[in-house]
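# Kindly return the folded structure for what I paste below:
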Amino acid sequence: MENEPSGALRADLTKSTTDVASMFDRVAERYDLMDALMTGGMDHVWMVALRNAVKPAPGERILDLAAGTGASSAALAKGGAEVVACDLSEGMIEVGRQRHPDIEFVQGNALDLQFEDGSFDAVTISWGLRNIPDPARALREMARVVRPRGRLVVCEFSTPPNAVFRRLYNFYQSTVMPVMAKVMSSNDVAYDYLIESIRDWPDQQDVARMIAANGWADVQYRNLTGGIAALHRAVKPLP
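Here you go, the predicted model:
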């Protein structure tokens, strides 16, 4: 009988970095498949929106945090930018290196990045900021490692502003997603945490205020797919 992977089956809203990393280790192999299934293929559309917001240019150096298996990093690297994919989970990094051998993967904690001040032109984080126990501190770390007037782009699940659509979305989370996770995922209870963390996450305006309060300026956001997700963009101010 094949051994079960060690570590936490799922994280909770305390967002222990050990538990979060262990949970993602367990789902790494099927993570991209589950992303596509649970979003109805919208994950690919959102990655195009991310790339358009970052506007990576040849020769630029971009830090992609919570990079997972590297789908977002690969999208950013298409324009010739040098992308460093950073993630907390060893399991996700291992899968990412197999799928994207041309991208540099490093293990790292967004609360204490191992990069020098001002060493990137842009930093991105997709579906990861809400998994960090202290997102304000992480945003300050991101500002530290980006040069003045460098860009930040955050793509994250959000709150649909339309009340009817919001109820439909909540119904989908409560009924369809758990069934899909049970049938397809290697760790279905991890997706209970996914739903909890989405519902606990602040709305678009509060996230924008948090970004502005932690080292960033010119904060703007736009809703994606009716507000299921939101894309926040900001720049690091001049000293």
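# And the longest strand along the chain, what does it pack against?
Ranked by residue count and defined by DSSP state E, the top strand of the chain is strand 146-157. Using 3 or more Cβ pairs under 8 Å, 6 or more residues apart in numbering; DSSP states H and E as the contact criterion, the secondary-structure elements in contact with strand 146-157 are helix 42-54, strand 120-126, helix 135-145, helix 204-212, strand 229-235. In short, each C-beta sits where N, CA and C put it, glycine included.
# Mind telling me which of these the model trusts least?
Of all the helices and strands packed on strand 146-157, mean pLDDT reaches its minimum on helix 42-54 (a mean of 94).
# Who are the packing partners of that one?
When contacts are defined as 3+ Cβ pairs under 8 Å, 6+ apart, helix 42-54 packs onto helix 31-38, helix 71-77, strand 120-126, strand 146-157, strand 217-224, strand 229-235.
# switch to 7 Å and redo it
With contacts defined as 3 or more Cβ pairs under 7 Å, 6 or more residues apart in numbering; DSSP states H and E, the packing partners of helix 42-54 are helix 71-77, strand 120-126, strand 146-157, strand 229-235.
# list the buried ones in that helix?
Neighbour counts over helix 42-54 (16 or more other Cβ atoms under 10 Å) mark 42-43, 46-47, 49-51, 53-54 as buried.
# possible to save the helices and strands packed on helix 42-54 as a markdown table with distance to residue 167 and mean neighbour count?
Supplementary listing: the helices and strands packed on helix 42-54 in a markdown table, determined by distance: least, Cβ to Cβ, whole Å; neighbours: other Cβ atoms under 10 Å:
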| stretch | distance to residue 167 | mean neighbour count |
| --- | --- | --- |
| helix 71-77 | 30 | 24 |
| strand 120-126 | 26 | 26 |
| strand 146-157 | 16 | 22 |
| strand 229-235 | 18 | 22 |
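# Could you export those as TSV, including distance to residue 29?
What follows is the helices and strands packed on helix 42-54, written out as TSV (distance: least, Cβ to Cβ, whole Å):
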stretch	distance to residue 29
helix 71-77	14
strand 120-126	19
strand 146-157	22
strand 229-235	24
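# Distance from the helix or strand bottoming out on mean pLDDT in the chain to the middle of the chain?
Taking mean pLDDT, DSSP states H and E as the measure, the helix or strand of the chain with the lowest value is helix 177-184, at a mean of 73. Taking Cα atoms, centre = their mean, to the nearest Å, one finds helix 177-184 lying 21 Å from the centre of the chain it belongs to.
# and what of stretch 213-220?
Shown here is stretch 213-220, whose average C-alpha point lies 18 Å from the average C-alpha point of the whole chain (Cα atoms, centre = their mean).
# hang on, the earlier thing: is it possible to export the helices and strands packed on strand 146-157 to JSON lines including distance to residue 99?
Output for the helices and strands packed on strand 146-157, formatted as JSON lines (distance: least, Cβ to Cβ, whole Å):
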{"stretch": "helix 42-54", "distance to residue 99": "14"}
{"stretch": "strand 120-126", "distance to residue 99": "16"}
{"stretch": "helix 135-145", "distance to residue 99": "25"}
{"stretch": "helix 204-212", "distance to residue 99": "30"}
{"stretch": "strand 229-235", "distance to residue 99": "23"}
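# Right, I'll leave it there.
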